[in-house]
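Undergrad: Sharing a model that was predicted from the sequence below.
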Amino acid sequence: MKPTSLTPRPAVNLPAILSLSLLLCTCLACADGVGWRTDGTGRYPDSAPVIEWAADTNIVWATELPATANSTPVVVGDRICVTAEPASLLCLDRGDGAILWQAANEYTDIAPPEQLADMEQKQAEYDQLLKEIGQTNRERNKVRKQLQDDPDNEALKTQMQQLNTTVRDLQSRLQPYLDVWYVRPVAHETNGYASATPVTDGAHVWALFGTGVGCCYDLEGNRVWARSVGKPRNGYGHSASPILADGKVIMHVTSLQALEPLTGELIWEAPVPACWGTSIVTEIEGTPVVLTPNGYMVNATDGTVLAEKLANCTYASPVLHDGVVYFADEKGWAAFTLPETLDPFEPRQLWQANPKKDRYYGSPVIHEGIIYGVTQAQILSAMDAATGELLYEQNLTMGRGVCYPSITLAGESLLLGCDNGTTVVFEPGETYQEVARNTLEPYRGSPVLVGDLLYLRGLEHMYCIGAQ
């Protein structure tokens, strides 16, 4: 199905494409494209953005988007690629924010016509079962509370047993639908289905949605392929973004899969459990290696697992800097020095530390020997990247909201966002020095910078922020 063209497409911007080529060359070692946090590090040391903005201040343009999403924008030449709920890929003009094209990738958009009737029926049956489970669970909660006040009530005990039996029966009836590729999995309302960020090689763009559908488009909006690559089973949804490595597109839903970029055919599959965060890529002895948030290291050429369960990022992504990979998690932070050889492949733990114990949804950033991380509850920690020594902790008191965005190095400043729309700007260093605090609409993705311009995907708008 050809996506709808909303505005005339601009002429090719040759200087912008040359700039993109330079950007691709300076990305994370061995990664073949531009994706989440541009190169996975969240570092833009050569940028010179404004540090103050608001709805009426330093907004170059703002484009209303068709639906929300938690993903991060991807800049490719004179275009920006973003996602929207539940499974749409959009392309915007970087100069004025005009939507050039958008393409839907729901099951009905990619399935053979002869399957549509069966798809609608099975989805309706599945939704009805979920509704009945929800109703029964609510009733169980009421009875459970009554039993707390009257624990010897035999009638309530019998009722609870009956409700437990009903839930087990409904869940068993639900199981067969989980293997049907076109029955939409359950996702938490905050996460949704469009939390993963696209990735591009400058000619094509790949996206992965929480429905389990992966897809590839050229930059004119023509679909190259779209298919199911596996459905999330956790009941909360999916957020791991696709990456490019060794000429393959890597997608991680229920396992780590390497796909042929222009056909979507499976090249290899590694038994790596599902992750919320996005994997990163490095190179060892000339061989590209995928580092996953749950501590697996996989040879990108053939899918061989080189190491497993070294450490874990439950929600965030690891970061790689100067041959050291860092993991930030509520159960503890860890740093590993990567080996110089594949055989033997023996990563060495550099340090382990325990800063604030809480969920880290946003991924950390490293600058000048310091690693910065923030908890969901707005506690910022700065640690010595070489030793794990805590330099400071700061409660940011940003108001009601959760820190989902990852910390970003923007020129000489660090940006830290909250989903209530607040962004704190502070200076790198061994002490906390705040320099600005900005408010815009709520957002959960991370900012992206090109030169002196900052691009931010709000829940309702795409923004270009710069001096005005």
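TA: The structure has been received and is ready for your questions.
Undergrad: now the host helix or strand of Leu415: how far from the chain's centre is it?
TA: For Leu415, the host element (DSSP states H and E) is strand 413-417. Counting by C-alpha atoms, centre = their mean, to the nearest Å, strand 413-417 is centred 18 Å from the centre of its parent chain.
Undergrad: In this protein, what residue spans correspond to helices?
TA: Using DSSP state H, the helices assigned to the chain run over residues 14-25, 107-110, 116-149, 154-178.
Undergrad: Could I get those helices in CSV, plus columns for mean pLDDT?
TA: As requested, the helices of the chain are exported to CSV (pLDDT from 0 to 100):
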stretch, mean pLDDT
helix 14-25, 34
helix 107-110, 92
helix 116-149, 92
helix 154-178, 92
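Undergrad: Which one of those lies nearest to Ala87?
TA: Set against Ala87 and scored by C-beta to C-beta, those come closest in helix 107-110, at 7.8 Å. Placement of C-beta: from N, CA and C, glycine included.
Undergrad: Give me the helices and strands touching the closest one, please.
TA: helix 116-149, strand 213-218, strand 223-228 (3 or more C-beta pairs under 8 Å, 6 or more residues apart in numbering; DSSP states H and E).
Undergrad: Pipe those into CSV and attach distance to Arg359 and mean neighbour count per row.
TA: Formatted as CSV, those follow (distance: least, C-beta to C-beta, whole Å; neighbours: other C-beta atoms under 10 Å):
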stretch, distance to Arg359, mean neighbour count
helix 116-149, 24, 13
strand 213-218, 27, 22
strand 223-228, 29, 18
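Undergrad: Show me the domain layout of the chain.
TA: 41-108+188-465, 114-178 (automatic domain parsing).
Undergrad: any idea which of these is most buried?
TA: Highest mean neighbour count of the domains of the chain: domain 41-108+188-465, a mean of 20 (counted as mean count of other C-beta atoms under 10 Å).
Undergrad: which residues does His238 contact?
TA: The contact partners of His238, by C-beta atoms under 8 Å, 6 or more residues apart in numbering, come to 187, 191, 193, 195-196, 208-210, 212, 232, 253, 274, 276.
Undergrad: Out of those residues, list just those in strands.
TA: Among these, the members found in strands (DSSP state E) are Leu208.
Undergrad: Could you export the contacts of His238 to JSON lines, including columns for distance to Leu440 and pLDDT?
TA: Formatted as JSON lines, these follow (distance: C-beta to C-beta, whole Å; pLDDT from 0 to 100):
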{"residue": "Ala187", "distance to Leu440": "25", "pLDDT": "93"}
{"residue": "Asn191", "distance to Leu440": "21", "pLDDT": "95"}
{"residue": "Tyr193", "distance to Leu440": "24", "pLDDT": "97"}
{"residue": "Ser195", "distance to Leu440": "20", "pLDDT": "97"}
{"residue": "Ala196", "distance to Leu440": "23", "pLDDT": "98"}
{"residue": "Leu208", "distance to Leu440": "27", "pLDDT": "98"}
{"residue": "Phe209", "distance to Leu440": "26", "pLDDT": "98"}
{"residue": "Gly210", "distance to Leu440": "25", "pLDDT": "97"}
{"residue": "Gly212", "distance to Leu440": "32", "pLDDT": "96"}
{"residue": "Pro232", "distance to Leu440": "30", "pLDDT": "92"}
{"residue": "Val253", "distance to Leu440": "32", "pLDDT": "96"}
{"residue": "Ala274", "distance to Leu440": "32", "pLDDT": "95"}
{"residue": "Trp276", "distance to Leu440": "25", "pLDDT": "95"}
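Undergrad: want to throw the contacts of His238 into CSV with distance to Ala240?
TA: Output for those, formatted as CSV (distance: C-beta to C-beta, whole Å):
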residue, distance to Ala240
Ala187, 13
Asn191, 12
Tyr193, 13
Ser195, 9
Ala196, 6
Leu208, 8
Phe209, 11
Gly210, 10
Gly212, 12
Pro232, 10
Val253, 8
Ala274, 8
Trp276, 6
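Undergrad: In the chain, where is pLDDT below threshold?
TA: For the chain, residues meeting the criterion pLDDT under 70 lie at 1-31.
Undergrad: cutoff 50 now
TA: For the chain, the stretches flagged by pLDDT under 50 are 1-30.
Undergrad: mind listing what Asn420 touches?
TA: Applying C-beta under 8 Å, 6+ apart, the residues contacting Asn420 are Met398, Gly399, Arg400, Gly401, Pro442.
Undergrad: Surely Gly369 touches Ala385?
TA: Yes - with contacts counted by C-beta atoms under 8 Å, Gly369 reaches Ala385, the gap being 5.3 Å.
Undergrad: Look up how far Asn70 lies from Arg359.
TA: 15 Å (C-beta to C-beta, to the nearest Å).
Undergrad: just checking, Gln352 touches Asp329?
TA: No - using C-beta under 8 Å as the test, Gln352 is too far from Asp329 to be in contact (10.8 Å).
Undergrad: Now tabulate the contacts of Asn420 in TSV and tack on distance to Asp46.
TA: Listed next are the contacts of Asn420 as TSV, based on distance: C-beta to C-beta, whole Å:
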residue	distance to Asp46
Met398	28
Gly399	32
Arg400	35
Gly401	30
Pro442	29
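Undergrad: give the contact list for Leu156.
TA: Val143, Gln146, Leu147, Asp150.
Undergrad: Spatially nearest residue to Cys91, not counting backbone neighbours?
TA: Computed as C-beta to C-beta, 6 or more residues apart in numbering, the closest residue to Cys91 that is not its neighbour in sequence is Leu100, at 4.7 Å.
Undergrad: Next: Ile366.
TA: Closest residue to Ile366 apart from its sequence neighbours, by C-beta to C-beta, 6+ apart: His321 at 4.5 Å.
Undergrad: How about the contacts made by that neighbour?
TA: Counted by C-beta under 8 Å, 6+ apart, His321 has contacts Thr41, Ile366, Ala385.
Undergrad: Give me the nearest residue to Phe327, chain neighbours excluded.
TA: Nearest non-adjacent residue to Phe327, counting by C-beta to C-beta, 6+ apart: Ala311, 3.9 Å away.
Undergrad: wouldn't that neighbour be in contact with Phe336 here?
TA: Yes - if you go by C-beta under 8 Å, Ala311 and Phe336 touch, sitting 6.9 Å apart.
Undergrad: Need the overlap of contacts for these two.
TA: Common contacts of Ala311 and Phe336 (C-beta under 8 Å, 6+ apart): Phe327.
Undergrad: one step back: tell me which of the domains of the chain lies nearest to Gly35.
TA: domain 41-108+188-465 (3.3 Å).
Undergrad: For that closest one, measure first residue to last.
TA: 21 Å (C-alpha to C-alpha, to the nearest Å).
Undergrad: Could you do stretch 263-282 as well?
TA: One end of stretch 263-282 sits 25 Å from the other (C-alpha to C-alpha).
Undergrad: Same check on stretch 239-248?
TA: Start-to-end span of stretch 239-248 (C-alpha to C-alpha) is 20 Å.
Undergrad: swap in stretch 248-264?
TA: Across stretch 248-264, first to last residue, C-alpha to C-alpha, it's 10 Å.
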